[in-house]
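Undergrad: Mind looking at a prediction? Sequence and model below.
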Amino acid sequence: MGRLFCLMGKSSSGKDTVYKNLLAREDLSLRTIVPCTTRPIRSGETQGVEYFFYTEKELARLEEEGKIIELRSYNTVHGVWKYFTADDGQIDLTRYSYLIIGTLESYVKMQAYFGRENLVPIYLAVDDGVRLERALARERSQQEPKYAELCRRFLADEQDFSPERLKAAGVTRIFENRELSETTEEIAVYIRKLSF
């Protein structure tokens, strides 16, 4: 039986880099689930790689068909952006284990859908000053930087990933992302231990 390993953390905690490094490891045999969003595509992103980018109309059709596993809406300074996971045939826990990036909210909803025993939380923690520096550098590299949204996300993460909410969701194992290769190896050992 496979498992869903859910990589979580505040914005700019290194989730994307750790995710890519873990997927590149053949010893873990992890598959991916491409999440979905209605937000605009960023420069450097590719449809179907980082996300499936949907219109509001396309999302409404999926909801009518009962194919939404979890859905989150964020009232950003640029309008409402939605992120979701669709039941679109990507997930087969009878045969495979998967690595996904999610929020605490999506993790809880996926637990309800797939069963708590099938989800494993992997929480990345990084010093807030380091996260802010990373977020600012990433935003500066965008063709049209959205600094107000960066600030909104940074502050919202403090509430979204509060110690109380982590505890309530059953997230007890925290990985400090101080040095990328060490953190990746520590998480890989953890995944192997729970997979075999």
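TA: Received the coordinates, thanks.
Undergrad: what residues does the helix ranked longest in the chain touch?
TA: In the chain, with assignment by DSSP state H, the single longest helix is helix 180-195. Outside of helix 180-195, the residues within contact range by C-beta atoms under 8 Å, 6 or more residues apart in numbering are 3, 5, 14, 17-18, 21-22, 25, 27-28, 30, 97, 99, 120, 122, 124, 173, 175-177. The C-beta positions use only the backbone N, C-alpha and C, and glycine is treated the same way.
Undergrad: what do you get if the cut-off is 7 Å, keeping everything else the same?
TA: Residues outside helix 180-195 that contact it (C-beta atoms under 7 Å, 6 or more residues apart in numbering): 3, 5, 14, 17-18, 21-22, 25, 28, 97, 120, 122, 175, 177.
Undergrad: what does stretch 97-109 give?
TA: Contacts of stretch 97-109 (C-beta under 7 Å, 6+ apart): 2-8, 15, 19, 22-23, 29-33, 69-70, 72, 85, 91, 119, 121, 160-161, 165-166, 169, 195.
Undergrad: Tell me which of those residues fall in strands.
TA: Using DSSP state E, the members of these that fall within strands are 4-8, 30-32, 69-70, 72, 85, 119, 121.
Undergrad: just the buried members of the contacts of stretch 97-109?
TA: 2-8, 15, 19, 22, 30-31, 33, 69-70, 72, 85, 91, 119, 121, 160-161, 166, 169 (16 or more other C-beta atoms under 10 Å).
Undergrad: just to revisit the earlier point, least confident of the ones in strands among the contacts of stretch 97-109?
TA: On pLDDT alone, Arg72 ranks lowest of these, at 88.
Undergrad: dump the residue contacts of it.
TA: Lys82, Tyr83, Phe84, Thr103, Glu105, Ser106.
Undergrad: Out of those residues, the closest to Ser43 would be?
TA: Tyr83 (18.9 Å; C-beta to C-beta).
Undergrad: State the paired neighbours of the helix or strand containing the closest one in the sheet, together with their directions.
TA: In this structure, Tyr83 sits in strand 79-86 according to DSSP states H and E. Strand 79-86 has the following sheet partners, assigned by DSSP bridges: strand 36-37 (antiparallel), strand 68-76 (antiparallel).
Undergrad: In JSON lines: those strands, plus distance to Gly115.
TA: Converted to JSON lines, those look like this (distance: least, C-beta to C-beta, whole Å):
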{"stretch": "strand 36-37", "distance to Gly115": "22"}
{"stretch": "strand 68-76", "distance to Gly115": "13"}
